[in-house]
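Engineer: sequence unknown, structure follows:
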């Protein structure tokens, strides 16, 4: 049986206002996320920047090899470049191993490709210089199939033209935030069709499928397609061979 746990980014990205609980309860939830990852061999935890310093300490005190990830420009992606850089620098200082940036797909949709390219290159360079993994969320639910292919291809080209071959494995293209609001019940996370398009256009860059992977069978299918990581708020259910009703 496939070891799904080694592919999983166990995720908790709700603010305390979104979840209707206190800051203290949210921190307790994030600590529990980390503990479950430690106990079950889950590859990474993915949390909001506010909690990175605390969870870095928590993992280090337990001599854990669980990877600590956070999100930048989340979830809209419309933060300015300077805002994303400041958030990313703070996350690195606080001990994040991986940074998942929401690319400014609205600027992409406006045709402002140079803006998106500058954002990608500047933030990715910061990560590479600090030996951190950069993942770029393109929000596929907001894009057509043609746009998914085009944006993924552009990211791949920018990476290959500006970074070394050794760096490319540390630069991901990621499907979704899980927070995008769709209409008429359309999926807001990774779909097999969308992920196939990403894989077909990502070149040497690894792909992360996030959101909508709700069963162990779906997770295995994504892995067999070629994704290197899966973001999910139901990591424990997946590795215990259970189905999840969680949206992410």
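Structural biologist: The structure has been received and is ready for your questions. Small disclaimer: the values here were computed from a predicted structure and weren't measured.
Engineer: Report the central residue of this protein.
Structural biologist: Taking CA atoms, centre = their mean, the centroid of the chain lies closest to residue 100, which sits 4.6 Å from it.
Engineer: Output the contacting helices and strands for whatever helix or strand it lives in.
Structural biologist: Per DSSP states H and E, residue 100 falls inside strand 98-102. Where contact means 3 or more CB pairs under 8 Å, 6 or more residues apart in numbering; DSSP states H and E, strand 98-102 is packed against strand 44-47, strand 67-72, helix 81-94, helix 113-129, strand 133-137. Any C-beta I mention is one placed from the backbone N, CA and C, and that applies to glycine too.
Engineer: where's the longest one relative to the chain centroid, distance-wise?
Structural biologist: Read it as helix 113-129. Put simply, helix 113-129 sits 16 Å off its chain's centre (CA atoms, centre = their mean, to the nearest Å).
Engineer: can you check the second one too?
Structural biologist: Once both centres are worked out by CA atoms, centre = their mean, strand 67-72 turns out to sit 8 Å from its chain's centre.
Engineer: Name the surrounding residues that touch it.
Structural biologist: For strand 67-72, the external contacting residues (CB atoms under 8 Å, 6 or more residues apart in numbering) are 9, 13, 43-49, 52, 55-56, 59, 79, 84, 87-88, 91, 95-102, 123, 133, 135, 137, 177.
Engineer: List the buried residues in it.
Structural biologist: 67-72 (16 or more other CB atoms under 10 Å).
Engineer: Toward the C-terminus from the helix or strand bottoming out on mean pLDDT in the chain, list the very next helix or strand.
Structural biologist: Of all helical and strand segments in the chain, the minimum by mean pLDDT, DSSP states H and E falls on helix 16-19, at a mean of 88. Once the chain leaves helix 16-19, the next helix or strand it forms, by DSSP H and E, is helix 23-40.
Engineer: Mind listing residues that contact that next one?
Structural biologist: So helix 23-40 is contacted by 5, 10, 12, 14-16, 19, 21, 42-45, 47, 51, 54-55, 58-59, 62, 64, 66, 235-236, 239 (CB under 8 Å, 6+ apart).
Engineer: follow-up on the earlier one: tell me, how many neighbours does the closest residue to the residue nearest to the centre of the chain other than its chain neighbours end up with?
Structural biologist: Excluding its sequence neighbours, the residue lying closest to residue 100 (CB to CB, 6 or more residues apart in numbering) is residue 135, at 4.3 Å. Neighbour count for residue 135, taken as other CB atoms under 10 Å: 28.
Engineer: what does residue 93 give?
Structural biologist: With other CB under 10 Å as criterion, residue 93 counts 11.
Engineer: now residue 62
Structural biologist: 12.
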